[in-house]
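Undergrad: Would you be able to build a 3D model of this:
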Amino acid sequence: MTDATDSAPQRYIAAIDQGTTSTRAMIFDHAGQVVASEQLEHRQIFPRAGWVEHDPIEIWRNTRRVAAAVLAAGELKPHHLAACGITNQRETTVVWDRSTGKPVYNAIVWQDTRTDRLCEELGGDVGADRYRERTGLPLSTYFAGPKVRWILDNVDGVRERAERGDLCFGTMDSWLTWNMTGGPDGGVHVTDVTNASRTMLMDLRTLDWDLQICEELGIPVSMLPAIVSSSGVIAALRTGGSFPDVPLGGILGDQQAATFGQACLEPGEAKNTYGTGNFLLMNTGTEPVFSEHGLLTTVCYRLGDEPARYALEGSIAVTGSLVQWLRDNLGLIPTAADVEDLAARAEDNGGVYFVPAFSGLFAPRWRPDARGVIVGLTRYADKRHLARAVLEASAYQTREVIEAMQADSGVALTTLKVDGGMVVNELLMQFQSDILDVPVVRPVVNETTALGAAYAAGLAVGYWDSPEDIRRNWAEGQRWSPAMGQDERDTLYDGWNRAVTHSFDLA
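TA: Numbers count the residues shown, from 1 in each chain. Model prediction:
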C-alpha cells in the first residue's frame, strides 16, 4: 500500500481509457488535474451493414504506445506512478486463446446489430424482458452475452476450444488487464462489477455470474473472467504494458468511470457523457432500481468490500459518431470540430430533423427495427441545416432519456452535469440547456472518464483518502442557462417526436 503522504507532488496516477474510436493514456496529479495525455485512433471495421468490429491486437499495440508516450510527455518514469486504472468501452466483446493470446475473431463492438435474430429467439414467448429482473437489462444486440454466443456459433472450431477450457472471454478491460499483467505468461483474467453488469450474464444482486443464464445462452463458464470490485489492487503490471511494477488499482466501464469522475456519489446525482454515443447515468444508491420507462439498471461502482452502488442508465447509440458520419461518409466538414461553425451559420434547423438510428434506437424506445432518417427536407434546406440537425439530435435524445429517468426515479433534474468530447461544442450545450429548460454544467477537467478510473485506482492504494476527495476536486468550468421560450421548445420537441416515428419498421 502506498502511504497517502507519499502521494504528491512527485507521485501521480495513470489511467488507460480504451474507447470506441481511440485509446488514450492520461496522468493525473492529486488535485485531479491532467499532467500528460496521449491518444491514438484505431480502425473501425464494417464487414457488413450493421456489423461493427475492432482489431484487438491493434488496440493492445496502441495501448502500449500511448502508455510509453504519456510517460515521455510528462517526463516521468514508472516509479513516479502510485497506481494505474483502466476504463473501457463496455459491451465490446473479445474471445482469445489463453495459451497464445491470439483472438479467435475481431472484437464485436457494442454498436453491432448482428445478434438481432438471436436475441429474438432467446426471448421466446417472454420477449425482451426475459432476464431483466436478474440482470437489469433487456435482451438486446447491445450487450456482450449474445455477442459471445455468436462467436461460439459462427467461428469454426471455437465452441470446441471453449468447452475444452482453452479460451477466455472478456470485454476490453479484461483483454487489456490480461495482456498488461503478463498475457500467456500469467496474465490475470478479471473484469469489474460495472463491466460484468453489461454482459447480461451477471446477477445484479449477488454480483456473480448467473449460471442458468450462461447455460441458456450456451456460454461455458470456464471462459468467464473473475468479477472484482471497481477499486482494489488487482496485480502489478508487467513490462509489456509500459508501466512495469505499477499496481493496477481500478477498473470501471467508461460511463460508470465518468459518473465517478463527475463526483455523482449520492443517490439522485446524474451526469451525461457526449461521446460516440450519449450515456446518462443517475446514482440510485445501494439498491437496484428497475425502470418502467425503458432505462437500464446497472452497477454504478463498488469500492473494495463496500456494498455496490447502482445506477439507472439511458444509453443513446449515435451522437458523436453522427458528426463523424457527416465528416467521413458525406464529406461535408473537414474535421469533427467544424460542425459547430457550419451549424452556427443557420439561424435554426430549417424544419430538418435527423434521427440517427443507424443501429436501431436504444433507450428509452428500444426499437431495433429503426433506421436513420432525415425528415423535413425542402429546397430551402442546405448543409448548414443538416449540420444543425446533427447536433440537435443529441439534445433531443438526451431529453427523452431524462424524461424517462425522472418518471422512474421521481427526482426532478435541476442541473445536468456534462462531459465527453462533444461538450466543447458551445452551440450544442446551449441548445441542450434550451430544450431541457435546466442549466448545463461542464467541469474544469472534461476527461472525466479517465479521471474516474484514476480515482478508483488512487483510492485503492491510499493516494486519495476517501471519495470525499473526489467531491472536493470537482470544479465547475462553464455553465449554460436556458434562453428559449416554452412555445418554441414545445414546437421543436414535437417535431422531433414526429420525425422519430418515421424511422420505425425500416430494418
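Undergrad: quick one: low-confidence ranges for the protein?
TA: When residues are selected by pLDDT under 70, those of the chain lie in 1-9, 240-241.
Undergrad: relative to its centroid, which residue of it is most remote?
TA: Relative to the centre of the chain, the most outlying C-alpha is that of residue 379, 38.5 Å out, by CA atoms, centre = their mean.
Undergrad: got the phi/psi numbers for it?
TA: Backbone torsions of residue 379, given as degrees, to the nearest 10, read phi -60, psi -20.
Undergrad: Tell me the spacing between it and residue 358.
TA: Computed as CB to CB, to the nearest Å, the residue 379 to residue 358 distance reads 27 Å. In short, each C-beta sits where N, CA and C put it, glycine included.
Undergrad: How about residue 235?
TA: Taking CB to CB as the measure, residue 235 falls 38 Å from residue 358.
Undergrad: of the two, who's got more company?
TA: Using other CB atoms under 10 Å, the more surrounded residue of residue 235 and residue 358 is residue 358, with 19 against 16.
Undergrad: shouldn't that one be in contact with residue 317?
TA: Yes: between residue 358 and residue 317 there is a contact at 7.1 Å, judged by CB atoms under 8 Å.
Undergrad: Confirm that residue 300 sits in a strand.
TA: Yes: counting by DSSP: H, G, I helix; E, B strand; the rest coil, residue 300 is part of a strand.
Undergrad: which residues touch the residue farthest from the centre of the chain?
TA: Not one residue lies near residue 379 by CB atoms under 8 Å, 6 or more residues apart in numbering.
Undergrad: right, and the secondary structure at residue 82 would be what?
TA: What three-state DSSP gives for residue 82 is strand.
Undergrad: same check, this time on residue 13
TA: Per three-state DSSP, residue 13 ends up strand.
Undergrad: Contacts only, for it.
TA: Applying CB under 8 Å, 6+ apart to residue 13 gives the contacts 27, 28, 81, 82, 83, 84, 85, 454, 455, 457, 458, 463.
Undergrad: beta partners of it?
TA: residue 28, residue 83 (DSSP bridges).
Undergrad: what about it, distance to residue 275?
TA: For residue 13, the distance to residue 275 - CB to CB - is 22 Å.
Undergrad: Check residue 288 too.
TA: Residue 288 is 25 Å from residue 275, where distance means CB to CB.
Undergrad: Any idea how far the helix or strand hosting residue 259 is from the middle of the chain?
TA: Assigned by DSSP states H and E, residue 259 belongs to helix 254-261. Taking CA atoms, centre = their mean, to the nearest Å, one finds the center of helix 254-261 at 8 Å from the center of the full chain.
Undergrad: packing partners for that helix?
TA: strand 81-88, strand 270-274, strand 278-285, strand 296-301, strand 309-316, helix 448-460 (3 or more CB pairs under 8 Å, 6 or more residues apart in numbering; DSSP states H and E).
Undergrad: Alpha carbons of that helix, as CSV, please.
TA: Taking Å, rounded to 0.1, in the frame of the first residue of the first chain, the C-alpha atoms of helix 254-261 are listed here in CSV:
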residue,chain,number,x,y,z
ASP,A,254,-16.4,4.1,-19.3
GLN,A,255,-19.8,5.6,-18.4
GLN,A,256,-19.5,4.5,-14.7
ALA,A,257,-16.0,5.9,-14.7
ALA,A,258,-17.4,9.3,-15.9
THR,A,259,-20.1,9.2,-13.3
PHE,A,260,-17.4,8.6,-10.6
GLY,A,261,-15.2,11.2,-12.0
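Undergrad: could you give the angle of it to helix 448-460?
TA: 70 degrees (axes from the mean of the first three to the mean of the last three CA atoms, to 10 degrees).
Undergrad: quick one: contacts of helix 254-261?
TA: Residues contacting helix 254-261 (CB under 8 Å, 6+ apart): 17, 19, 85, 87-90, 194, 230, 252, 271, 273, 275, 279, 281, 283, 298-301, 311, 313, 315, 419-420, 445, 448-456, 470.
Undergrad: What subset of the residues you listed is buried?
TA: Buried members of the contacts of helix 254-261, counted by 16 or more other CB atoms under 10 Å: 17, 19, 85, 87-90, 194, 230, 252, 271, 273, 275, 279, 281, 283, 298-301, 311, 313, 315, 419-420, 445, 448-456, 470.
Undergrad: so how far is whichever strand or helix holds residue 487 from its chain's centroid?
TA: In this structure, residue 487 is located in helix 486-501 according to DSSP H and E. Taking CA atoms, centre = their mean, one finds helix 486-501 lying 28 Å from the centre of the chain it belongs to.
Undergrad: contact partners of that helix?
TA: 349, 351, 353, 355, 361, 365, 370, 373, 375-376, 392, 396, 399, 434-435, 437.
Undergrad: Confirm residue 162 sits in a helix?
TA: Yes: counting by three-state DSSP, residue 162 falls inside a helix.
Undergrad: Quick check: it touching residue 152?
TA: Yes: counting by CB under 8 Å, residue 162 does reach residue 152; the two are 6.0 Å apart.
Undergrad: Please identify every residue contacting each of the two.
TA: Joint contacts of residue 162 and residue 152 (CB under 8 Å, 6+ apart) are residue 95.
Undergrad: Now do the same for residue 318: helix, strand or coil?
TA: Under three-state DSSP, residue 318 comes out as coil.
Undergrad: try residue 120
TA: Assignment for residue 120 (three-state DSSP): helix.
Undergrad: Report the spatially nearest residue to it, omitting neighbours in sequence.
TA: residue 139 (8.0 Å; CB to CB, 6 or more residues apart in numbering).
Undergrad: From residue 126, how far out is that neighbour?
TA: Going from residue 139 to residue 126 by CB to CB gives 9 Å.
Undergrad: the more surrounded of the two?
TA: Applying other CB under 10 Å to residue 139 and residue 126 shows that residue 139 carries more neighbours, namely 26 against 11.
Undergrad: May I have the phi/psi pair for that one?
TA: The phi/psi pair for residue 139 (degrees, to the nearest 10) is phi -70, psi 110.
Undergrad: That one contacts residue 117, doesn't it?
TA: No: judged on CB under 8 Å, residue 139 makes no contact with residue 117 at a distance of 11.5 Å.
Undergrad: Show me where the stretch 51-200 of the chain has its helices.
TA: 56-73, 116-123, 132-135, 144-154, 158-163, 172-180, 193-196 (DSSP state H, counting those that start in this stretch).
Undergrad: Packed most tightly, which of those helices would that be?
TA: Mean neighbour count, computed with mean count of other CB atoms under 10 Å, is highest for helix 193-196 among these, reaching a mean of 29.
Undergrad: Return the residues in contact with residue 267.
TA: 283, 284, 285.
Undergrad: Take the residues you listed and write them to JSON lines, including distance to residue 148.
TA: JSON lines is the format used below for the contacts of residue 267 (distance: CB to CB, whole Å):
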{"residue": "283", "distance to residue 148": "29"}
{"residue": "284", "distance to residue 148": "28"}
{"residue": "285", "distance to residue 148": "31"}
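Undergrad: Looking at those residues, which is nearest residue 38?
TA: residue 283 (30.9 Å; CB to CB).
Undergrad: which residues does that closest one form a beta bridge with?
TA: Using DSSP bridges, the bridge partners assigned to residue 283 are residue 311.
Undergrad: give me phi/psi at residue 23?
TA: The phi and psi torsions at residue 23 (degrees, to the nearest 10) take the values phi -120, psi 130.
Undergrad: Hmm, residue 69 and it touching each other?
TA: No: here residue 23 lies out of contact with residue 69, judged by CB under 8 Å, at a distance of 11.0 Å.
Undergrad: residues near residue 39, how many?
TA: Look at residue 39: counted by other CB under 10 Å, it has 16 neighbours.
Undergrad: do residue 317 as well
TA: Counted with other CB under 10 Å, the neighbours of residue 317 add up to 23.
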